[in-house]
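Enquirer: fold the following and give me the result.
(3 chains)
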Amino acid sequence: MRASDLLGRTVHDHDGRPLGRAVDLLTTPGPDGTPVITAVLVAPRHRSRFLGYERPGIQRPWTVNRLARVIHRGVREIPWTEVRWGPDDIEPAAS
Amino acid sequence: MTPDPLRVDFHLLDRQVVDRHGRPVGKVDDIELHIDLDGTATVTALLVGQIALGLRIDGRFGTWLASVGRRLHTDRDPVPLRVPFHHVTDVGSAITLGIDLELLDEPPLERWLRDHVIARIPGARDARQ
Amino acid sequence: MKRALAVTLGILTAIGGFVDIGDLVANSETGARFGMRLAWVVVVGVIGICVYAEMSGRVAAVSGRPVFDLVRERLGPKVALANLAGSYLVTLLTLAAEIGGVALAIELATSVHYLLWVPIAAFVIWVVLWRMRFETMERVFGLAGLALVVFVVALIALDPPWRELGSQALGQASASGEGWASYGFFAVSLFAAAMTPYEVFFFSSGGVEEEWTRKDLITERTNVFIGFPLGGILSLAIMACAATVFAPLGVQVDSIGQTTLPVALALGKLGLAVVILGVFAATFGAALETGLSAGYTIAQYFGWRWGKSVAPRSAARFHTVVLVSLLLGVALLLTTVDPVTVTEVSLVFSAVALPLTYLPILVVANDRDYLGDQVNGRLANIFGVGYLAVILLAAVAAIPLMVITGMGTS
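Expert: Down below sits the predicted model:
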């Protein structure tokens, strides 16, 4: 499985309602240092690059930051365990 | 040093990969994920090369890019260059690997152009420091 | 001496933006048609390129990342590809024009038709790109391009009606008799040329080639704040010379020979010799800048090894792109297309390339993960955002103005 298979796909909640598209995958280091995905960043509308303004503490220049936030309003972090990828949910891979 | 949380799209995808001496290896053109039976997903490798990039761009140009990348390979079933994530020592403005460039497979386009074009021109060996 | 030579990267970069073959003719043409009424655009352009070249050089010095790395990682592979296509075409068309410009400069000196010189000029340019050290290249052609200072000398010798030129520049003089659309078209072209994207590609990649670090930020800023204003002054001197000699007679300027004429009038044969040397060095320097930039953009988009400090056989893809770009440039010229027209057409592609190049620079120049304490200050951001708005406006206006005015001919 590749990151590009998930990014851009529609994300659903437990009841199968669409939440938006996956725009980023958040990870944290696992026991052996490999990053483990903890959450999916979901945008209700656009699937364009975020320019980096979704990170806390990065907010200048003001105008560009505001614009980026307006375009990407409604973005949420959904915990990995709560994410459903629609009818053809992803299969665990043995690879 | 690696940022926490590490963002797959923002911190990894499309960043420059360099070896331990800072020499360019390629871009992170895609990322290999592994999903366990219990649903745990981990980042296992960086994928580098036109074959991976072409699939992400899609459309006619992307397909063309991937097919050129495939044709340059000598293997029967070409795959992009795979850099296991445990080689990554730093994620910053570039992604630094702890190994030498020479330990990775040489990109086929580089090898082909070197052998057929560039190395045949006089003076191709000299660095101009 | 070493200090003084450290600014040649900035000078060589500025040559490509202000006094390359397209600009040499365009500045003169503007002076002949509008007097100094468009001088303000050059000033606006100098400030704009200073703001963004400084940001790109600072990012390169602190993080080691040249401009097209930023474009790809901030805009993603698809939008970056649109920018790559636009930027590469601007760079390639300009490269073709500069090869023609070098050949035209030799034609001025020898009276042998320029098309015969095109293959020879291209070959010599390629040898320099293949063999010469980056620093030697930048010093030789940066300094030789300064021969164009002869335009400033010529202007003083011509003793123009300073008052009249001044009031034109300040917008107090009567209209030039040209339509607003032509005025707008020339304003947009001059601005786009001053901020042409290969300047930041070349400047930031040059910083990486020279292995700039945090310690070199002073060198970086000196390069920016000496190089580009110097380019702007040369540009204005050329415009003023044409405004003095051609405008009163109503002569139309459309060739490089005419651009050099005021110098010959003011300073005689010696002046003419110097100006031909200057045109040769400036076009040659701009050819090196665009030839390398063509390779830099493509190599940085794909993440290949690039640059002159590695042996060509270790950067085979980069050197192949440079070589193929030169050959494409020669092929384009041999269709007998006018080199100056070629640079005018490149404006279309600038409309795509400019906003998509400068936005990522502005964003990354504010990113503490990259720059730590060296992020943009308030002033750099005010100018940065302001210029981004102007760039967007110019990009939107460029194509309609081109169509209405038939590229400035009506």
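
Enquirer: most residues in a single helix of the chain, which one?
Expert: Reading this off chain A. Ranked by residue count, the top helix of chain A under DSSP state H comes out as helix A:62-71.

Enquirer: oops, wrong one, chain C.
Expert: Under DSSP H, chain C gives helix C:256-302 as its longest helix.

Enquirer: and the next helix or strand past that one?
Expert: helix C:316-333 (DSSP states H and E).

Enquirer: so that following helix versus helix C:256-302, what angle?
Expert: 150 degrees (axes from the mean of the first three to the mean of the last three C-alpha atoms, to 10 degrees).

Enquirer: mind listing what's buried in helix C:316-333?
Expert: C:316-323, C:325-326, C:329-330, C:332-333 (16 or more other C-beta atoms under 10 Å in any protein chain shown). All C-beta atoms are positioned from the backbone trio N, CA, C, and that covers glycine.

Enquirer: turn those into CSV, columns for pLDDT and distance to C:I21.
Expert: Converted to CSV, those look like this (pLDDT from 0 to 100; distance: C-beta to C-beta, whole Å):
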residue, pLDDT, distance to C:I21
C:A316, 95, 30
C:R317, 95, 28
C:F318, 96, 25
C:H319, 96, 25
C:T320, 96, 26
C:V321, 97, 22
C:V322, 97, 19
C:L323, 97, 21
C:S325, 97, 17
C:L326, 97, 16
C:G329, 96, 12
C:V330, 97, 15
C:L332, 96, 14
C:L333, 95, 11
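
Enquirer: of all those, which comes closest to chain B?
Expert: Lowest distance from chain B to the buried residues of helix C:316-333 (C-beta to the nearest C-beta) belongs to C:A316, with 3.7 Å.

Enquirer: mind listing what the closest residue in space to A:G16 that isn't next to it in sequence touches?
Expert: Spatial nearest neighbour of A:G16, excluding adjacent residues (C-beta to C-beta, 6 or more residues apart in numbering or on different chains): A:R84 at 6.8 Å. Applying C-beta atoms under 8 Å, 6 or more residues apart in numbering or on different chains, we find A:R84 in contact with A:V11, A:H12, A:D13, A:H14, A:G16.

Enquirer: just give me the closest of those to C:V390.
Expert: Nearest to C:V390 among the contacts of A:R84: A:V11, at 39.4 Å, using C-beta to C-beta.

Enquirer: in the stretch 1-150 of chain C, what residue lies closest to chain A?
Expert: Counting by C-beta to the nearest C-beta, the stretch 1-150 of chain C gets nearest chain A through C:G76, at 4.4 Å.

Enquirer: next up, identify which helix or strand the closest residue to C:F280 other than its chain neighbours is on.
Expert: With sequence-adjacent residues excluded and distances taken as C-beta to C-beta, 6+ apart, C:F280 is closest to C:A105, at 3.9 Å. Assessed by DSSP H and E, C:A105 sits inside helix C:67-110.

Enquirer: quick one, that helix and helix C:316-333 angle?
Expert: Angle of helix C:67-110 versus helix C:316-333, following the same axes, to 10 degrees, is 40 degrees.

Enquirer: which strands or helices does helix C:67-110 pack on?
Expert: Secondary-structure packing of helix C:67-110 (3 or more C-beta pairs under 8 Å, 6 or more residues apart in numbering or on different chains; DSSP states H and E): helix B:50-57, helix C:21-34, helix C:39-63, helix C:114-131, helix C:198-209, helix C:256-302, helix C:316-333, helix C:339-364.

Enquirer: quick check: mean pLDDT across the fifth one?
Expert: When pLDDT is averaged over helix C:198-209, the result is 96.

Enquirer: which helices and strands sit right next to it?
Expert: helix C:8-18, helix C:39-63, helix C:67-110, helix C:134-145, helix C:217-245, helix C:256-302, helix C:339-364.

Enquirer: may I see the buried residues of the second one?
Expert: Translated: helix C:39-63. Within helix C:39-63, judged by 16+ other C-beta under 10 Å, the buried ones are C:39, C:41-42, C:44-63.

Enquirer: which strand in chain A runs the most residues?
Expert: strand A:18-29 (DSSP state E).

Enquirer: export only the CA atoms of that one, formatted as CSV.
Expert: Output of strand A:18-29 as CSV, limited to C-alpha atoms (Å, rounded to 0.1, in the frame of the first residue of the first chain):
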residue,chain,number,x,y,z
PRO,A,18,-18.6,10.7,4.2
LEU,A,19,-16.5,13.2,6.2
GLY,A,20,-14.3,14.6,3.4
ARG,A,21,-11.1,13.7,1.7
ALA,A,22,-7.8,12.6,3.4
VAL,A,23,-5.2,15.3,3.0
ASP,A,24,-2.5,14.1,5.3
LEU,A,25,-1.5,11.3,7.6
LEU,A,26,-0.2,12.1,11.1
THR,A,27,2.3,9.7,12.6
THR,A,28,4.2,9.3,15.8
PRO,A,29,7.4,7.2,16.3
